[in-house]
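In: structure, please.
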Amino acid sequence: RGHVPVKRVGRGVRTERALQPTTKIRRPSSSGTSGSLHRGGGAESPLSKKERRLLEEMASLYTLSVIAAWYFSNIGVILLNKYLLSVYGFRYPIFLTMMHMVMCAFLSMTVRASGIVPKQAIKGRKHAIKIAVLAMVFVASVVGGNISLRFIPVSFNQAIGATTPFFTALLSLFIMRQKESTQTYMTLIPIVLGIMIASKAEPLFHPVGFVACFSATFARALKSVLQGLLLTSDNEKLDSLNLLMYMSPVALFVLVASANIMEPDAFGVFYQNSLDSPQFFFTLMLNCVLAFSVNLTNFLVTKCTSPLTLQVLGNAKGAVAVVVSIILFRNPVSGIGMVGYGITIAGVVAYSEAKKRGKEAAAKRMGRGASSGVLELLGNEGEADRQRSGSKLSQMA
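Out: Numbering: from 1, shown residues only. This next block holds a predicted model:
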């Protein structure tokens, strides 16, 4: 009655029943969806093609919305800075930067508390000192950029700002001893050549604005290099919003002290302008919100796409900002200046492509090195196995 056929394998006895699988696998249903998941059985139902396509369209729409918000924030904050500092006549760039940082500190803590971004903590005193150094360099870059907008048009400001890769490559070489390929260094030539042409042909050239914008560009590149040098370990790396939140107190301390010393009238002028013109107060508050939105959308674009996509968008953003500023502010431009700016942008694009190819080549070399190491290890293990087999045979003999 209970006889079960057995199959002998060596000395062990295994039953046919034991060899049968204990879990039943359900075949896919005729509708094309898996039959192992069904509605009302406790498990979630698989998505149909229509539902999957709808989700993909929603994800694409969300990504496009984030990119559009990134463009609007970056271009909007530049144009409003120019309007307040130059057109409206509120000539206090340090105070304006201070107001930006007040809003960024408040909103970054609010967003972090909401759970939109992951919470990252400072790991110790040394980590805090590194963040403080980055905060001071960050303040120098933002203040320099705002000072330049008092004296030069947005188009020239963006042309100078496009030279950031030039300073980044040089600072990486001198500070981090990080050498790039010859092709990468060659792409720096059109970047510098283009800005030289644009500067010579700029109708509204101003030496103070030129020096301030170049200083801001240098500081921006220095912050990027120092961030890669100081926050090297995985425990110390911070995303853009958490880094902004921790830099804000240091930046605010520096900016409040600088504004009291260098722009003591700014506080009274801001108060009086806000009373006389609600439009001024609304414009400045919108400018501050957009300054924070730049950092928020940086984080979201990187999360939805990749840092490389953000870099490509940044290259195109400068050109869009130039066109919009010329239409709004009607500042005079020369054909030679636009050609120079175009040469600089072409150099920046070539630089990005050269860096991308360099990273891909390095990754391939690492992959080949790892593969050869694995093959060598397998070969050594095989040789050891052959030696063990030979010793056993000699013992049997």
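In: what pLDDT does the model give residue 263?
Out: Residue 263 is assigned 95 on the pLDDT scale.
In: for it, grab phi and psi.
Out: Dihedral angles phi and psi of residue 263 (degrees, to the nearest 10) take the values phi -130, psi 60.
In: and residue 152, by the same measure?
Out: Main-chain torsions, residue 152, degrees, to the nearest 10: phi -130, psi 160.
In: so what's it closest to, chain neighbours aside?
Out: Nearest in space to residue 152, with sequence neighbours left out and distances taken as CB to CB, 6 or more residues apart in numbering, is residue 209 at 3.5 Å. Glycine gets a C-beta too; all of them are placed from N, C-alpha and C.
In: residues in contact with the host helix or strand of the one you found?
Out: Per DSSP states H and E, residue 209 falls inside helix 207-230. Where contact means CB atoms under 8 Å, 6 or more residues apart in numbering, the residues beyond helix 207-230 that reach it are 130, 133-134, 137-138, 140-145, 147-152, 156-157, 160-161, 163-168, 171-172, 175-176, 199, 236, 243.
In: if we go to 7 Å?
Out: For helix 207-230, the external contacting residues (CB atoms under 7 Å, 6 or more residues apart in numbering) are 130, 133-134, 137-138, 140-141, 144-145, 147-148, 150-152, 157, 160-161, 163-164, 167-168, 171-172, 175-176, 199.
In: give the contact list for the residue nearest to residue 351 when sequence neighbours are not counted.
Out: Taking CB to CB, 6+ apart as the measure, residue 351 lies nearest to residue 187, with 4.2 Å between them; neighbours along the chain are not counted. Contact partners of residue 187, counting by CB under 7 Å, 6+ apart, are 347, 350, 351, 354.
In: how much space between residue 187 and residue 72?
Out: Distance, residue 187 to residue 72, using CB to CB, to the nearest Å: 30 Å.
In: that older thread, now do the buried residues in the helix holding residue 209.
Out: For helix 207-230, burial by neighbour count (16 or more other CB atoms under 10 Å) applies to 209-210, 212-227, 230.
In: angle of whatever helix or strand comes next after that helix against helix 207-230?
Out: For helix 207-230, the following helix or strand on the C-terminal side (DSSP H and E) is helix 240-262. Calculated by axes from the mean of the first three to the mean of the last three CA atoms, to 10 degrees, helix 240-262 forms an angle of 140 degrees with helix 207-230.
In: so what's residue 242 scoring on pLDDT?
Out: The predicted structure scores residue 242 at 89 on the pLDDT scale.
In: nearest spatial neighbour of it, chain-adjacent residues omitted?
Out: The spatially closest residue to residue 242, leaving aside those adjacent along the chain, is residue 120, at 4.4 Å (CB to CB, 6+ apart).
In: I'd like the distance from the helix holding residue 209 to the chain centre, please.
Out: The chain centroid and the centroid of helix 207-230 are separated by 17 Å, computed with CA atoms, centre = their mean, to the nearest Å.
In: what's the average pLDDT for it?
Out: Summarised as a single mean, pLDDT over helix 207-230 is 92.
In: send the alpha carbons of that helix over as CSV?
Out: Only the C-alpha atoms of helix 207-230 are listed here, as CSV (Å, rounded to 0.1, in the frame of the first residue of the first chain):
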residue,chain,number,x,y,z
PRO,A,207,36.5,96.1,-15.8
VAL,A,208,34.9,95.7,-12.3
GLY,A,209,32.2,93.4,-13.7
PHE,A,210,34.7,91.4,-15.7
VAL,A,211,37.0,90.8,-12.7
ALA,A,212,34.1,90.0,-10.4
CYS,A,213,32.6,87.5,-12.9
PHE,A,214,36.0,85.8,-13.5
SER,A,215,36.5,85.6,-9.7
ALA,A,216,33.1,84.0,-9.3
THR,A,217,33.8,81.5,-12.1
PHE,A,218,37.2,80.6,-10.5
ALA,A,219,35.5,80.2,-7.1
ARG,A,220,32.8,78.0,-8.6
ALA,A,221,35.5,75.7,-10.1
LEU,A,222,37.5,75.7,-6.9
LYS,A,223,34.4,74.7,-4.9
SER,A,224,33.8,71.8,-7.3
VAL,A,225,37.5,70.6,-7.0
LEU,A,226,37.5,71.0,-3.2
GLN,A,227,34.3,69.2,-2.8
GLY,A,228,35.8,66.2,-4.7
LEU,A,229,39.0,66.5,-2.6
LEU,A,230,37.5,67.0,0.9
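In: which one of the contacts of residue 187 sits closest to residue 87?
Out: Residue 87 lies nearest to residue 347 out of the contacts of residue 187, by CB to CB, at 31.3 Å.
In: what's the helix or strand residue 147 falls within packed up against?
Out: Under the assignment given by DSSP H and E, the secondary-structure element containing residue 147 is helix 125-151. Here helix 125-151 is seen to pack against helix 49-82, helix 93-114, helix 207-230, helix 240-262 when contacts are counted using 3 or more CB pairs under 7 Å, 6 or more residues apart in numbering; DSSP states H and E.
In: so what's the gap between it and the chain middle?
Out: With CA atoms, centre = their mean as the basis, the distance from the averaged C-alpha position of helix 125-151 to the chain average is 17 Å.
In: and the angle from it to helix 49-82?
Out: 60 degrees.
In: give me the mean pLDDT for the helix or strand just after helix 125-151.
Out: Downstream of helix 125-151, the next assigned helix or strand under DSSP H and E is helix 154-161. The average of the pLDDT scores along helix 154-161 is 92.
In: just stretch 186-202 next, same as before
Out: Confidence over stretch 186-202 (mean pLDDT, whole number) is 91.
In: what comes up buried for that stretch?
Out: Judged by neighbour count (16+ other CB under 10 Å), stretch 186-202 contains these buried residues: 187, 188, 190, 191, 194, 195, 197, 198, 199, 201, 202.
In: farthest pair in those residues?
Out: So, those by CB to CB: farthest apart are 187 and 202, at 23.3 Å.
In: skipping adjacent residues, who's closest to residue 147 in space?
Out: residue 212 (4.1 Å).
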